[in-house]
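Undergrad: mind folding the following:
(chains A and B)
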Amino acid sequence: MKIRKKLFLGFGLYIILATILGFLAYKELQIITTRLTVVEIADDITNTILEVRRYEKNFLLYKDREDFHELKKYLAALKKNIDNIRTEIINEFGTDNYNMMKESIAEYEYLFDRIAENLRAHEGLYKNEKDSIDKMRLKAREIQSFTENLLKRERETINSLLKSSVRLLLFAILIIMVLGTVINIKLGASIAAPIRSLEEATRKVAKGDFSQRLNLKGKDEIASLGASFNQMEERLQETMSSLELAVERLHEKQAQLIETEKLATLGKFAAGVAHEINNPLAIINEKAGLMKDIIELSHDFPNKDKFLNLLNAVFDNVNRCSVITHRILGFARKADITPELIDINSLLGNVIKFLEQDIMLKGISLKLDMEKAIPPLRSDRIQLEQVFLNIIKNAIDAVEDGGIVRISTDIKDNNTIQVAVQDNGHGISKEILRHIFEPFFTTKEKSKGTGLGLSIAYGIVRRIGGNIVVESEVNKGTTFTVEIPLQTELHGGENI
Amino acid sequence: MRDAKVLIVDDEVEFATALSERLQLRNYAAKAVFCAEDAFAITKAEQPDLMLLDLKMPGMHGREIVKTVKQFSPGIQVIILTGVSEDQILEEGIEGEVFDCIMKPVDISVLTQKIDEALKKRN
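TA: Sure, this is the predicted structure:
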C-alpha cells in the first residue's frame, strides 16, 4: 500500500469514528429532546388541569358565570393541547393512555356541563348532583395523577438517558483515543520501520558492506525504494568483485612482468659478462695453445710430458669457462634458426632417446601420455629440443632411483599446445621456486649443473611467445607445463 | 689447402698474434692486423684467401669491413670469430655474406677444420 493510501486510511478511520460518535450523540440528543417535549406537554397539561380545577372549585363554591367561562376556556385549551400532541409523542404516552385521557377529559366536560346546566336551572344542587360532582372530581384527579405519573416517569427516563449518554460519550472518547493511538503507532511503524532498515543498510554500504539485502514487504514507495536499493547493492557487489578480480589479475600480471623484466635484465647482464670474459679467455686459449704447439714440436723439451699435462689442465678449464659463456650467449643455436613444421610428440621422442641412458641408469619409469591429434607447430626445432632436454633432465635429476617421470602433450586452445613434464621427486620449496629461472641459480652440485638450463629454457620459450608454468610441492614432486604457440614469431630473428 | 693466405683482423693484439703464429705452425700463410685500415691495405696488396674477423672492432662495424674487403677481393672467404652472441651477429645482418660464425674461445682443430671447409668452397 502506498504511503498516501496509508495516511488516507488512517485519517479515514478517524473521521468515520468521529462521525459515528457524532451521530450517536445526535441520536441521544434527539431522544432527549423528544422526551423533553413530552415533559413540557405533560407539564402544560398538568398546569392547565390545575387551572381547570381551580375554576371548577370556584364555580362550585360561588357559582359565578365568570368562573364557568374561565373553566371552559382552560378546558378548551387543554383539549386543544391534547389534540395538538404529535404522533410520536402520542406513541411515547401510549395510545391507550392518550385515548383514555381524552375520554376522561370528555367525560369530565360532559359531567361539568351537566352540573352547570342543573345549577343554572335550579339555582342549587340536587342531591344526585353531588354524586356527579364527586364522579367529576374523581375523573379530574385521575387525569392529574396520570400526567403527574407521566411527568415523573419521563424525568427519570431523561435522567437515565443523560447518564447513559455521558457514559457512551466517555466510552467513545476512550475508544477513539486507544484506537487512534494504535492506528497512529501502526501507521507510523509501517512507514518508519522500512525507512529505518533502509537507513541502516545505507550506513553499511557506506562502510563497504554490500552483502545485505533488504526484505521490505508491501507495495509502498519505501518497498520499491528497497527493491531499487537491493538492485543497486547487487550491481555494486558485482562491480566490486569484478574489480577485485581485475586488481588481482593486474597484480599477477605485474608480478609476471617484473619477473620477466628481472630475468631479461639478468640475462643481458650475464651476456655482457660472458662477452667480456670470452676475449681474455680466447687469449689464454691461444697463448697456451701456442705453448703446446712449441713444446710438441721440440724434440728435447725438458719435462715435456709434465708441461703438456699442465697445459691440458689449462685447456680443460678454458673449455669449462667457454661452455658457460657459450651457453649464456646461446651461440650453439646459431646454425639452425629456421622455423619448420614440428610434430611435438616426435620431437619429445628424440629428446627422450637422447636421455635414454640416464633413464635406464636410474631405473626411472617413464610414462608417456601423448595427445595423438596434436596439431603440428611451426617453430625452431633445435631450440625446442634444448628446452625439453633441460626440463626433462631436471625431472630425471629430481627423482630418486626408480622414480616416475610423466610426459604428456595436450591441446590448450586453438593457438596453443602444452607439454607437461611431471616428476614425483623431492619437489621445490616456494623460496627456491622464485629463483629457478634465474641464470646461475642451481641447487645441484657444482660439477653437475651451471644453473643455466632452466634460465635458457625460459628465455627460449618466452622468445617464441610461450610460457612455462611450474607447480611444485615439497616431497611430492614438480610439474613443468610448457605452453607453446602453434605459430612462432621468433624475437630477435628478422630473417625468419 | 695449406699455404693458403689467412688474414686475422682483431684489435686484441695478443689474441691475433698468438693465433697467427699457431696457424703458421700449421702451414697457413697467416698474418695478423689490428685495425680495419690495415685489413683493407693487406687485402688490396696481397689478396688473401680467407679472413678471420672479429665483429667488434673500434671505429667500424663488422658489416662495413666485410663489404669493403669484398670490394677489394670479391672471392675472399670470411669467418667471423668473435666473443659476442648470436643475436648480435644477426643484428649485423651479414650472415649471408660470411662462411660461418665461430665463438671465441675456439679449439684450434675446430678452427682449422672450418678454415679448410671455407677454402674448399672458395676453390
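
Undergrad: residue closest to the middle of chain B?
TA: Central residue of chain B (Cα atoms, centre = their mean): B:L52, 1.3 Å from the mean position.

Undergrad: what does that residue show for phi and psi?
TA: Torsion angles at B:L52 (phi, psi; degrees, to the nearest 10) stand at phi -100, psi 120.

Undergrad: show me the contacts for it.
TA: Counting by Cβ atoms under 8 Å, 6 or more residues apart in numbering or on different chains, B:L52 touches B:6-10, B:19, B:79, B:81, B:115. The C-beta positions use only the backbone N, C-alpha and C, and glycine is treated the same way.

Undergrad: out of the residues you listed, which is nearest to A:I432?
TA: B:L81 (39.2 Å; Cβ to Cβ).

Undergrad: so the closest one sits in a strand?
TA: Yes - under DSSP: H, G, I helix; E, B strand; the rest coil, B:L81 falls within a strand.

Undergrad: so how many other residues sit close to it?
TA: 26 (other Cβ atoms under 10 Å in any protein chain shown).

Undergrad: tell me how far the residue nearest to it when sequence neighbours are not counted lies from A:I176.
TA: Counting by Cβ to Cβ, 6 or more residues apart in numbering or on different chains, B:L52 is the residue found nearest to B:L81 once chain neighbours are left out, at 4.8 Å. When distance is defined by Cβ to Cβ, to the nearest Å, B:L52 is 120 Å away from A:I176.

Undergrad: please enumerate the strands of chain A.
TA: Taking DSSP state E, the strands of chain A run over residues A:340-342, A:365-369, A:377-379, A:404-413, A:416-423, A:467-473, A:477-485.

Undergrad: TSV for the ones you listed, including distance to A:N390, mean neighbour count and mean pLDDT?
TA: Output for the strands of chain A, formatted as TSV (distance: least, Cβ to Cβ, whole Å; neighbours: other Cβ atoms under 10 Å in any protein chain shown; pLDDT from 0 to 100):
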stretch	distance to A:N390	mean neighbour count	mean pLDDT
strand A:340-342	17	13	87
strand A:365-369	17	13	93
strand A:377-379	16	21	88
strand A:404-413	14	17	93
strand A:416-423	10	21	94
strand A:467-473	10	16	92
strand A:477-485	10	21	94
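
Undergrad: quick one: closest of these to chain B.
TA: The closest of the strands of chain A to chain B is strand A:377-379. By Cβ to the nearest Cβ, the value is 17.0 Å.

Undergrad: where does the prediction get shaky in the chain?
TA: No chain in the question, so chain A it is. Confidence mapping of chain A against pLDDT under 70 gives the ranges A:1, A:122-129, A:330-338, A:446-448, A:489-496.

Undergrad: chain B is the one I meant
TA: B:1-2, B:85-95.

Undergrad: where is the longest helix in it?
TA: In chain B, taking DSSP state H as the definition, the longest helix is helix B:108-122.

Undergrad: what's the closest non-adjacent residue to the spatially most central residue of chain A?
TA: What sits nearest the mean C-alpha location of chain A, by Cα atoms, centre = their mean, is A:R213, with 1.4 Å. Distances taken as Cβ to Cβ, 6+ apart place A:N230 nearest to A:R213, at 5.2 Å, with adjacent residues excluded.

Undergrad: distance of that neighbour relative to chain B?
TA: 60 Å (Cβ to the nearest Cβ, to the nearest Å).

Undergrad: gap between that residue and A:I49?
TA: 86 Å.

Undergrad: one more: A:I175?
TA: 47 Å.

Undergrad: of these two, who's got more company?
TA: Just comparing A:I175 and A:I49: by other Cβ under 10 Å the higher neighbour count belongs to A:I49, 23 against 13.
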